[in-house]
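>>> Quick one: sequence and predicted model below, then my questions.
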Amino acid sequence: MGISDTLAARFDVKEHDSDVRTELVAGLTTFLAMSYIIVVNPAILSEAIRIDGYGQGEVFQMIAIATILSAAIATVVMALYANRPFGLAPGLGLNAFFAYTVVIALEIPWQTALAAVFVEGVLFMLLTAVGAREYVIRLFPEPVKRSVGAGIGLFLLFIGFQELQIVVPSDATLVTLGGIFGNPWAILGLLGLAFTFGLWARGITGSIVVGIVTTSLAGWGLTLAGVFERGAITPETLPSAQYDITPLAGAFVDGLGQIDPLTFVLVVFTFFFVDFFDTAGTLIGVSQFGDFLDEDGDLPDMDKPLMADAVGTTAGAVLGTSTVTTYIESSTGVEEGGRTGLTALVVALLFVVSLAVIPVVAAIPAYASFIALIVVGVMMLQGLVEVDWSNPAWAVSAGLTVTVMPFAYSIADGLAAGIVAYPLIKVAIGEYDEVALGQYVIAALLVVYYVLQTRGVIL
């Protein structure tokens, strides 16, 4: 039996109406579609993580390595245990919550934040093992399941527009259009965005990666030609190759050793809350694109991909990165015909191979890397077509899920809004008997949580 036959038998390829070649191509496609996270995740987390004795560029490379390794570990589990064609990596949105909310806004030490991610990852493994996590996710109202991908997309769009300085703060209107054509940073970002959208529209595989690289080369070309000074649109200095991640890996242990018990419990709870609903939403969104959901909007055998997610999150915290989740870009591999874990195995192996380009990632300007957020955000809006906007309960629940995420700058808050709204509208239109008891309970618990949270009783 050859390698091809062995792989086909191991992953039940024929039973899933696929073949080894298709799975390999699908894996390459998914990796190219999601590999931008190798650059984007450290760009976000390095805003919050500072290590004494190391420059930001060196920390950037450490986080990039942690990103690659955590993605590879989680995706291998997805391949060998869940046998699903999904790629995993530190999640967009969740990394923004880690950096901008927990560490920067709440002033929680980044080591403590990693410790909180580690603890909630372990809790998720336990809950997934007993089936509790899958049970709760199945109670999500269907309009929330169908719209959460679009909500995450709008959230990423908002972050991307801010990072490219296309949208800027305003005292009068909170946000407004920036002075784009007086700002070379925004000009290059906008041109790179237009180029990337063009590639994506033409169906070019790896369009986001090509867009990031091309925009970076344009910025460096203008700098080396003397049009702009070093540091204006490119990094002022480049660090030496940094493959030693020991200052980052295991830092969560320090976070566990210097905690205030009450504060730590609240941080863990907050991460648990955000990760639970965000991961559920992303996994459902990915499955929605791949047409893996059943007639009730649920993913069969959801506990297995959830376990891969939980293992990845725990490993990621040990290595030094934020929560790991399933990627919506996995749908690109599914569109190429990927149907089994062999697709995911290829993704994991390609992540390991990408360790060779670590010294290059620090040279990529931030405006080039944040192009990915806008492109992915637009892609994720496609899920809105599955919402029954003529049904009041669907329209209100889905509408709030989608809009509260960017306005509140929180994926979890958007999910909570949709979950609470659904039973309220069902009762209002006399269809209270169509709401499961568990849905009423979850909505009530969320109401209690937000009363306490917005009154400052908890984080």
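Yep, that arrived. Residues are numbered from 1 along each chain as shown.

>>> Just say helix, strand or coil for Thr325.
Secondary structure, DSSP: H, G, I helix; E, B strand; the rest coil: Thr325 is strand.

>>> Kindly report the same for Phe197.
helix.

>>> Can you report how many residues lie near it?
Residues within reach of Phe197, counting by other C-beta atoms under 10 Å, total 16. Where C-beta positions appear, they are placed from N, C-alpha and C, glycine not excepted.

>>> And Arg230, by the same measure?
14.

>>> show me the contacts for it.
For Arg230, the contacting residues are 223, 236, by C-beta atoms under 8 Å, 6 or more residues apart in numbering.

>>> Which helix or which strand is home to it?
Using DSSP states H and E, no element contains Arg230; it sits outside every helix and strand.

>>> ok, Asp244 - contacts?
Met62.

>>> any low-confidence regions in the stretch 151-300 of the chain?
For the stretch 151-300 of the chain, applying pLDDT under 70 flags the ranges 239, 270, 273-274, 277-278, 281-282, 285, 288-290.

>>> would you list every one of the helices in it?
Secondary structure of the stretch 151-300 of the chain (DSSP state H, counting those that start in this stretch): helices located at 184-201, 207-224, 251-257, 261-290.

>>> those strands in this protein, which residues are they?
Assigned by DSSP state E, the strands in the chain fall at 88-90, 167-170, 174-177, 324-326.

>>> distance between the ends of stretch 47-67?
Separation of the first and last residues of stretch 47-67 by C-alpha to C-alpha, to the nearest Å is 15 Å.

>>> Return the set of buried residues in that stretch.
47-49, 51, 54-67 (16 or more other C-beta atoms under 10 Å).

>>> And for that stretch, what's in contact with it?
Contacts of stretch 47-67 (C-beta under 8 Å, 6+ apart): 37-39, 41-43, 45-46, 89-90, 98-100, 103-104, 110, 113, 235, 237-245, 247-249, 316, 319-321, 355, 358-359, 361-362.

>>> for it, what is the average pLDDT?
Average pLDDT, stretch 47-67: 92.

>>> sorry, back to before: which one of the strands of the chain is the most hemmed in?
Mean neighbour count (mean count of other C-beta atoms under 10 Å) peaks for strand 88-90 among the strands of the chain, with a mean of 32.

>>> which residues are contacting that one?
For strand 88-90, the external contacting residues (C-beta under 8 Å, 6+ apart) are 34, 37, 41, 67, 70-71, 74-75, 78, 308-309, 312, 316, 321-327, 351.

>>> mind showing which ranges of the stretch 351-459 of the chain have poor pLDDT?
Checking the stretch 351-459 of the chain against pLDDT under 70 turns up 458-459.

>>> Could I get the full set of helices for it?
Applying DSSP H, counting those that start in this stretch to the stretch 351-459 of the chain gives helices spanning 358-361, 366-369, 371-380, 392-408, 411-428, 437-454.

>>> any chance of these in a markdown table, with mean neighbour count and distance to Leu174 too?
Below are the helices of the stretch 351-459 of the chain laid out as a markdown table (neighbours: other C-beta atoms under 10 Å; distance: least, C-beta to C-beta, whole Å):
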| stretch | mean neighbour count | distance to Leu174 |
| --- | --- | --- |
| helix 358-361 | 18 | 33 |
| helix 366-369 | 26 | 22 |
| helix 371-380 | 24 | 19 |
| helix 392-408 | 22 | 10 |
| helix 411-428 | 23 | 17 |
| helix 437-454 | 14 | 19 |
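
>>> where does the stretch 1-150 of the chain have low pLDDT?
Low-confidence segments of the stretch 1-150 of the chain (pLDDT under 70): 1.

>>> and the gap between the residue most central in space within the chain and Glu335?
Centroid-nearest residue in the chain, with C-alpha atoms, centre = their mean: Gly91, separated by 2.3 Å. Gly91 is 21 Å from Glu335, where distance means C-beta to C-beta, to the nearest Å.

>>> same question, Ala421
Applying C-beta to C-beta, the value for Ala421 to Glu335 is 32 Å.

>>> same check, this time on Thr6
26 Å.

>>> Show me which of the two is the more surrounded one.
Higher neighbour count among Thr6 and Glu335: Glu335, with 15 against 11, using other C-beta under 10 Å.

>>> measure that one to Leu123 for me?
As defined by C-beta to C-beta, Glu335 lies at a distance of 34 Å from Leu123.

>>> likewise Met405?
24 Å.

>>> Give me the phi and psi angles of Arg50.
Phi and psi for Arg50, reported as degrees, to the nearest 10, are phi -120, psi 130.

>>> Same check on Tyr409?
Torsion angles, degrees, to the nearest 10, at Tyr409: phi 60, psi 40.

>>> just checking, it touches Leu156?
No - when contacts are counted by C-beta atoms under 8 Å, Tyr409 is not listed as touching Leu156 (11.5 Å).
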